[in-house]
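Chemist: Give me the fold of what follows.
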Amino acid sequence: MLTRLVARGRAVNWIALYEAARLIYRHGKQRWDNLTPDERRRLGELVRKSKGRRSNLTEPERERLWALVKKAATGVAPGR
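Modeler: Below is the predicted model of the structure:
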């Protein structure tokens with residue numbers, strides 16, 4: 001039962017991340033402008049590569065996607 005809860009929690013986080021990235025990528029002009037052109041390109045590549053599935057990305061790619069989504073949403077680069 002605990003294993004199911006942990007797996008379910010991870011799935012919810014991934015879905016939220018994917019949806020946020022998709023929204024930023026497609027519709028969030030203001031948020032989009034928080035990213036450099038290279039970061040925008042990379043975000044699009046990662047969202048397309050994932051095809052909505054966490055397992056389609058490597059761990060470093062998942063971390064990079066999180067960082068880009070956070071920067072787009074807040075305007076603050078990670079580590080600041």
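Chemist: Now do the helices in the protein.
Modeler: For the chain, the helices defined by DSSP state H occupy 2-27, 29-32, 37-50, 59-74.
Chemist: just those: most buried one?
Modeler: helix 59-74 (a mean of 17; mean count of other C-beta atoms under 10 Å). The way it works is simple: take the backbone N, C-alpha and C, and place the C-beta from them, glycine included.
Chemist: where's that one relative to the chain centroid, distance-wise?
Modeler: 5 Å (C-alpha atoms, centre = their mean, to the nearest Å).
Chemist: so who does Leu35 touch?
Modeler: Neighbouring residues of Leu35 by C-beta atoms under 8 Å, 6 or more residues apart in numbering: Leu43, Leu68, Lys71, Ala72.
Chemist: need the helices of the chain in TSV with mean pLDDT, can you?
Modeler: Below are those laid out as TSV (pLDDT from 0 to 100):
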stretch	mean pLDDT
helix 2-27	71
helix 29-32	78
helix 37-50	94
helix 59-74	92
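Chemist: before we move on, the earlier item: and the contacts of Leu35, which two are furthest apart?
Modeler: Leu43 and Lys71 (9.3 Å; C-beta to C-beta).
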